[in-house]
Structures are given as structure tokens and as C-alpha cells.
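*Asks:* Quick check, what structure comes out for this input:
(one chain, ligands or ions: 1)
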Amino acid sequence: MTHINSQRLRKTLVTGGPSLHPNTRPFTASPLPPSRTARCNALLGLDRIFKSGSQSPSPQPATNANEPELEPDFQAWLRREGLSTQPLLLRQCGREGRGLVASRPLPRGDVLLRVPDSLLLTAERAAEESCLAPLLRTRSTAAASTSSSTSSTGSGAPSPLPLSEWSLLALLLAELRCRLAAGDRSSRWDPYVAVLPQRPCTVLDWPAKEAKQLLCGSPLMRLADSISGTAAYFWQELEPLIAQGRTDRLIPNHVAFGKSDLDWAFGVLLSRCIRLPSRGDVQVLSPWADLLNHDVKAEAGCHLDWDPTAEVGAKGEAVSGALVLRSDRQYAAGQQVYVSYGPKSSGELLLSYGFCPPPAANPHQDYKLRLAVDCQADPLADLKVAALARHGLPAELEFPLKLEGLPEGLLQYLALLDARPKVAQETYDLASLLFEGGTFPLLDGEDTLALALRGLSSRCTAALKAYPTSVEVDQALAAGAAAVVANRQQRGPRRAAVASPISPTRPIDVPPTSGASLSPFSTDSLPTLGTEDVCVSSVRAAAVAGIRVRERQILQRTQAAVSAQLGDVKRAAARTRRR
Ligand SMILES: C[S@@+](CC[C@H](N)C(=O)[O-])C[C@H]1O[C@@H](n2cnc3c(N)ncnc32)[C@H](O)[C@@H]1O
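*Replies:* Take a look at the predicted model:
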């Protein structure tokens, strides 16, 4: 039944990549040469909307030795707790909030930062230091006895955590926040908790109705749902424990432990938690290291990880192992040191970290197309799920569409989803040819590549129709942000990142956006929107409008590429028929 066509596409595997932060989902993407990106932007006119060219950081002022120390109580605490003298200084870094800058010229290969284990807030420590520790210990013991009765290795293994890492960390953070608010400074982590942002401004800080309205039609809605769903899950896990703690009188009266405290803690974890691949992927909060800001350019070499061989000794003592950042480049005095939070789109950064680089300057900007076996309407659904599983593929996948080309494996996956073989068992042969043979066979006389291309085109059409706003309105809204941000820049220096809570309803003078006309304000100077900016609802709306514009451009470009490829397929078929 199947005829092997020419090798049109390479066989593809869907892979994931490690990240410092926990909310990365696996996907593949083709690498993009910067010159092509710039050309695509120009063709699409996107460079006019977000043309700062600066996902990159603003230059930092040179270090002034007489400048007063920022967060002095926190820094004094770090020194007392064993942070040795380091070649970085804490500074205000414009829209990025606080950041770490080189205190002197630093050569490539230097250790920039070394945080000892004692300063890492791990889930184990959070469990031990929580006021609910007695309950958590009981849970750990119960879990340990269950696992030792079911496993042969049993003894000697460390006690299992009583809850997930994030639940334990969030529980302690929320408790410490309540204590601090009531003037109770009994924890050793107080100076750290005192400098955490009041509002991380992740999507958890957005009013739910606004999130629904802003993200309608965008694949970012799924990410927002997943973040708030996870936060709700943690709350469900913790609520009965907290209730038990109250019954057992373990929780002081001034520790409210409300859902908002837990949501705040979850937002802090989303935007600051660090995963350490070299320490079994453990997730930690690291005072000092969590003051490093993100820059996509740091992806290549600035790696923050656990180094078991590093020697730290604030007072000369030898202690093995530390969280270490080594430089892969030289730094001038006063230059900010960045890490990468992972290959994330502007929308992912906005929802999880509360800042938004201009989408056109972000090489990771994409439209995440979700594809899934249609278990309701496809009579071959079970066979397809099984055939995909044989090739290690799930029944549902997200593919990152980009301006520069189709993600690998997308067309093969689509061909299997949309195929309707007359003989059901041929589903397995088709999957083998697509995923192992790297070919698009003829199936019952139909070219499966053409089938996949048509399927992609119709999905792009549906995705474009799903946006409630027009592209012109979104362009005007996004351009409005430039004016707002420019106005705010003129009003003087930025306040400290955590100085005071920011009202979500603070009035801001957004220029009116009317119909198809673009805002008269220039967007040329639009920088990355920082957390303080996106805490303002109207700026947030403009940031999302800019992302929607880019997503639509990606969908339209994909459609154009698909029609061109469909033309090639038809011409090739006609040539074959003539022969
Ligand atoms: C791990 S913390 C870094 C320290 C942070 N700037 C502070 O003052 O606490 C992550 C937060 O820093 C800010 N941030 C990091 N990189 C940024 C960037 N490139 N542009 C704007 N804000 C950034 C965001 O507020 C983000 O949630």
C-alpha cells in the first residue's frame, strides 16, 4: 500500500533541554541565523513595532567606590552567613531591578560567584525550619516506611520529602513573610525574605479575568492555566496540612498562611528558583545568586551550577562544594553579569518572570502550536496513540512555530494525526515510515506530505481566527506602550524594585488606541518592559498585544511557507504523472 516518496524531510526526534528554572517544557526548534531574523522582521514590518534591538541590557554606569551599599542589612547578613568576598557588587540596574555588576575588570574564566551550601534554601531545610516540621516529619517517616516495604534497597536511602520541593519551599516562604509582616524576626532567613519582591508580577499576580481576556486566542493561555493550575494544586496539597497544624497549635496566631501568601511564595519560586543539574536537579533558592538578571546572550556560557569541588571558606575554613558561576568572557568594571533563564519566548518570560523583552528582538519568540490525537472524533485514535508511543512520542505535543522555518518533526506528526488509512493496521507502517524511515509515503494514493501541509495551513487559519482583536488594534496598543514607558522614563529615576507594593490599578495615561490607526508615538525606543512596568495593567495589556502581533506574523509566515511547499509538491506530482 505505501510508496516511498523522495526523502523530503529528515527524521526528527523531539527533545528537551535543561534549564536553570523549573518551568521549561521540552520542544525542538531550528537554530536561527541573526541576519535572517533581521530580514524577516523588516519584511514583516515588525521592526517598527519593537525596534529597541535590545533584548540586551542597558549599559551600566561605572562602579563608584563611594556609592552607598544597596540592601546593607541583607549584605551584612550574607557576610555573617559565610558569603566570602566576591568580585560582584549589588546595584540598581534600571528596568531590570537590582543586579550584580563587576566590581573591577574581570578576566575570562574567573569565578564570579560562590554561594556555600549553608546559604542555599533547599526543600529539606524548608521542611526542618517550618513551624509545621513535626507534621512534616511524621509524613516523611510514613512515606519512608511505605517505600522501604515496597523497595528492596530500602535502608540507607535519604528520607523521602514529605511534599514536593516547591510545596515545602513555598510553605516556609509564606510563613516567613507572615512573621516578618507581624514584626517577628525569629528566622535566620529574615534578611533574605525582607529583600524579596512584594509582587513578582508573574501571571499569578494578574487578575484572573484580565489574564483570560488578554491571553484569549494565544497559546500563552495554556501556560497561564498551567501555572495557576499548579499553584492551585499546591494550595490543595497544603491546605489540609495547615488546618491540621492549627488544630495541633503548631502555627503561631500571627502566621495567617492565606492562599495569597502561598501564591506570593509560588510567584517568588517561579521567578527565582534555581535548579542545580550537578546536584541531582535539586531546586533551591539562593540568596545573592538570585540577584542575577537574564540576558539571552548569556546562554552560550554563563552557567550557574553546583560545583562539588569548589572550596568556599568565608573565614579561611575549607568547605567543599558551592553554587558557582564562572565567567566565559571578560567584564569591565561596572558591567552587569547576566545568566540565561533558558530559551524562553517573551510571553513565557512575562508570565513566569514578570518582564517582557521586545518579541521581535527575542530569538526564542515562537507560536506554540499544540497538536493532539483527536480522541473524540478520530476512529483510529487508539491505534495512533499506540503507534506514536512505539516511537517514543506522546499523544499530544507542542511545536514552536518560528518565523525562520518549521520545527523539525512537525509535518511527520501531523501526517500521522490527519491520515485516514483504509486498513487500520497500516497506521503502524505509516508511523514507522514517517518517524524511522524519514519519508512521507503515498497512502491510498494520497501524498501524506501534502496532507500534512494542508493540515498545518488549516490549523494556522483557525489559530488566526481565534484572536479577538485585529492586528491593527494590537499594533496600536503595543505602540502605546512605548509612549507610556517613555513618559515614565522622563519622570525620573526608577524606584527600588521592592520598595513598596504597586497598585495594580494605578492610573496611567495610555494614549487612546483607535481602530486601524497606529499610535503617533514612536516605538523605536521601547526597551524590555521590566517588572515595575508590567505590574501596571495597561502596560501589561500593551506587552501582550505586541506578543499577539508577533504570533500572528509567525502564523501568516508559516501559511505562506506551507502554500509554497504545497505548490512544489503539486508540481512534482504532475511531473511524475507526465513521465
Ligand atoms: C532572579 S530575579 C533577579 C533579581 C531581580 N532583578 C531583583 O531585583 O530581585 C528575577 C527578576 O529580575 C527581573 N529581571 C531579570 N532579568 C530581567 C531583564 N532582562 N529585564 C527586566 N527584568 C529582569 C524580573 O523582575 C525577574 O522576575
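*Asks:* now the strands for this protein?
*Replies:* Per DSSP state E, the chain carries strands over the ranges 88-92, 98-102, 111-116, 274-276, 282-284, 293-294, 304-312, 319-326, 338-339, 367-372, 396-401, 442-443, 446-447.
*Asks:* roughly how far is the second one from the heart of the chain?
*Replies:* Shown here is strand 98-102, whose average C-alpha point lies 22 Å from the average C-alpha point of the whole chain (CA atoms, centre = their mean, to the nearest Å).
*Asks:* Identify the residues contacting the closest residue in space to A102 that isn't next to it in sequence.
*Replies:* Leaving aside its chain neighbours, A102 sits nearest to Y331 (3.9 Å; criterion: CB to CB, 6 or more residues apart in numbering). All C-beta atoms are positioned from the backbone trio N, CA, C, and that covers glycine. Taking CB atoms under 8 Å, 6 or more residues apart in numbering, we find Y331 in contact with 102, 105-106, 112, 337.
*Asks:* now those: which count as buried?
*Replies:* Among these, those classed as buried by 16 or more other CB atoms under 10 Å are 102, 106, 112, 337.
*Asks:* Which pLDDT value belongs to the first one?
*Replies:* What that stands for is A102. Turning to A102, the model gives it a pLDDT of 96.
*Asks:* I'd say it and P87 touch.
*Replies:* Yes - with contact defined as CB atoms under 8 Å, A102 counts as touching P87 (6.4 Å).
*Asks:* residues shared between the contacts of those two?
*Replies:* In contact with both A102 and P87: L112, using CB under 8 Å, 6+ apart.
*Asks:* And the contacts of stretch 560-578?
*Replies:* Taking CB under 8 Å, 6+ apart as the rule, stretch 560-578 contacts 405-406, 447, 449-450, 453-454, 456-457, 460.
*Asks:* Let me know the average pLDDT across that stretch.
*Replies:* 91.
*Asks:* which parts of that stretch are buried?
*Replies:* 561-562, 565-566, 569, 572.
*Asks:* and the residues you listed as CSV, adding distance to D366?
*Replies:* Putting these into CSV (distance: CB to CB, whole Å) gives the following:
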residue, distance to D366
A561, 15
V562, 16
Q565, 19
L566, 22
V569, 25
A572, 29
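*Asks:* Return the member of those residues nearest to the ligand.
*Replies:* Nearest to the ligand among the buried residues of stretch 560-578: A561, at 31.0 Å, using CB to the nearest ligand atom.
*Asks:* what separates that closest one from T448, distance-wise?
*Replies:* 18 Å (CB to CB, to the nearest Å).
*Asks:* before we move on, what about T576?
*Replies:* Look at T576 and T448: by CB to CB, they are 15 Å apart.
*Asks:* Quick one: closest of the strands of the chain to L383.
*Replies:* Nearest to L383 among the strands of the chain is strand 442-443 (13.9 Å), distances taken as CB to CB.
*Asks:* still on that earlier bit, so what sits opposite the residue nearest to A102 in the bridge?
*Replies:* L106 (DSSP bridges).
*Asks:* for the ligand, what are the nearby residues on the stretch 151-300 of the chain?
*Replies:* 197, 200, 271-272, 290-291, 293-295 (CB under 6 Å from any ligand atom).
*Asks:* To clarify, my last question referred to the stretch 1-150 of the chain.
*Replies:* So the stretch 1-150 of the chain meets the ligand at 95-99 (CB under 6 Å from any ligand atom).
*Asks:* ok, those residues vs L430, which is closest?
*Replies:* Out of those, the member with the shortest distance to L430 (by CB to CB) is E96, at 49.8 Å.
*Asks:* Just give me the residue closest to the centre of the protein.
*Replies:* The C-alpha lying nearest the average C-alpha coordinate of the chain belongs to E348 (CA atoms, centre = their mean; 4.6 Å).
*Asks:* Good, wrapping up.
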